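Build me a model:
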Amino acid sequence: MLTSQHYGTQQVIRSCVRPGMLVRHDGQTWTASANTRGKLVITSMRGSKLIRDCFVDILLDARGNALGNYEKDIKWMPTP
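Alright, predicted model coming up:
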């Protein structure tokens, strides 16, 4: 499931995890799929799981950015 070699992990607050990020949980690599109502849904080839941990380990690339297939640029809309 890894798209490339990872260069470590970093603990982040669960609410900061975006769908598509690669997450390390219970010694396995998972893909974050939804983050709603205080729960993070993670999936793998074996199935999916719902976690409520406050902190989650994400996999990092060589530049220290999160690995995964997610939108890297947040496009902020100006408030009128």
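
got the buried residues for stretch 38-53?
40-43 (16 or more other Cβ atoms under 10 Å). Any C-beta I mention is one placed from the backbone N, CA and C, and that applies to glycine too.

Adding pLDDT and secondary structure, write these out as CSV.
What follows is the buried residues of stretch 38-53, written out as CSV (pLDDT from 0 to 100; DSSP: H, G, I helix; E, B strand; the rest coil):
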residue, pLDDT, secondary structure
40, 94, strand
41, 95, strand
42, 96, strand
43, 95, strand
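
where are the low-confidence patches of this structure?
By pLDDT under 70, the weakly predicted segments of the chain are 1-4, 73-80.

longest strand anywhere in this protein?
Longest among the strand segments of the chain by residue count, using DSSP state E, is strand 28-36.

distance between that strand and the chain's centre?
6 Å (Cα atoms, centre = their mean, to the nearest Å).

closest to residue 54 among the buried residues of stretch 38-53?
Lowest distance from residue 54 to those (Cβ to Cβ) belongs to residue 40, with 10.4 Å.

middle-most residue in this protein, spatially?
residue 21 (3.3 Å; Cα atoms, centre = their mean).

Next, count neighbours for residue 56.
Residue 56 has 24 neighbours, counted by other Cβ atoms under 10 Å.
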